[in-house]
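# Sequence and predicted structure below; questions after.
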Amino acid sequence: MSSLLLDAEALYADLLAGARMLMQPGSALVGIWSGGAWLAERLQRDLKIEGEHGVISSALHRDDFGSRGMAAGADHTRLPFEVEGRHIVLIDDVLFTGRTTRAVINELFDFGRPASVTLAVLVDRGGRELPIQPAFSAARVALPRGQRLSLARDEAGRFSFDIKDAA
């Protein structure tokens, strides 16, 4: 475990303000399974956006599919709106290498060609392997490569972080 303390609820308030600035008429929120989906669900409600948010999984477009196999969440893509020509605000909890973001963009384009895709994240932990940058991040932290940062949600819907050594 790490001694790094991150207040996920305070960071969510910053993400809410950032997402508000990124939204434009006709935008749709799409959360990356699973932490990003939780965030998008709450943002949809707190921003009072009509309709439903989307959820997208990276499992079918991962470049490490051969070594990981079918990950949990593979069947969780749900886009209850037309993607074609839409401004998509993609939401994730933690941005690290950029490989998940690349995979979900590929998945998104399987549903149509959006007018734009903008990325907003709760935490950017650096360590990029691909040229992917968020338009907004509530925090930037540095963690050793051997540690994993993940968002947790309790029964009341409050967010917190878990920091564990990678297996």
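Looks like it came in fine. Numbers count the residues shown, from 1 in each chain.
# Can you name the element that comes right after the lowest-mean-pLDDT helix or strand in the chain?
Between all helices and strands in the chain, the lowest mean by mean pLDDT, DSSP states H and E belongs to helix 65-68, at a mean of 50. Elements were assigned by DSSP states H and E; along the chain past helix 65-68, the next helix or strand is strand 87-95.
# Residues contacting stretch 23-32, please?
Identification of contacts with stretch 23-32 by Cβ atoms under 8 Å, 6 or more residues apart in numbering yields 19, 37-41, 43-44, 47, 49, 51, 53-58, 79, 81, 86-93, 100-101, 104, 108. Yep, even glycine has a C-beta here, placed from its N, CA and C like the rest.
# So for it, what gets flagged as buried?
23, 27, 28, 29, 30, 31, 32 (16 or more other Cβ atoms under 10 Å).
# Out of those, the closest to residue 128 would be?
residue 32 (16.1 Å; Cβ to Cβ).
# any idea which residue sits dead centre in this structure?
Centroid check for the chain by Cα atoms, centre = their mean gives residue 92 as the closest residue, at 1.2 Å.
# bridging residues for it?
For residue 92, the beta-bridge partners under DSSP bridges are residue 121.
# Next one: it, what pLDDT does it get?
We have a pLDDT of 98 for residue 92.
# for the one 3 residues further on, same thing?
Per-residue confidence at residue 95 stands at 97 (pLDDT).
# Check the burial of it by counting its neighbours.
Neighbourhood size, residue 95 [other Cβ atoms under 10 Å]: 25.
# I'd like the distance between it and residue 50.
Note on residue 95: its distance to residue 50, by Cβ to Cβ, to the nearest Å, is 28 Å.
# Identify the residue nearest residue 164 in space, chain neighbours excluded?
Using Cβ to Cβ, 6 or more residues apart in numbering and skipping residues adjacent in sequence, the residue nearest residue 164 is residue 148, 5.2 Å away.
# That should have said residue 18, apologies.
residue 136 (3.6 Å).
# give me the beta-bridge partners of the nearest residue to residue 49 once chain neighbours are set aside?
In this structure, residue 49 finds its nearest non-sequential neighbour in residue 29, 6.7 Å apart by Cβ to Cβ, 6+ apart. Beta-bridge pairing for residue 29 (DSSP bridges): residue 89.
# Read off the pLDDT value for residue 29.
Per-residue confidence at residue 29 stands at 98 (pLDDT).
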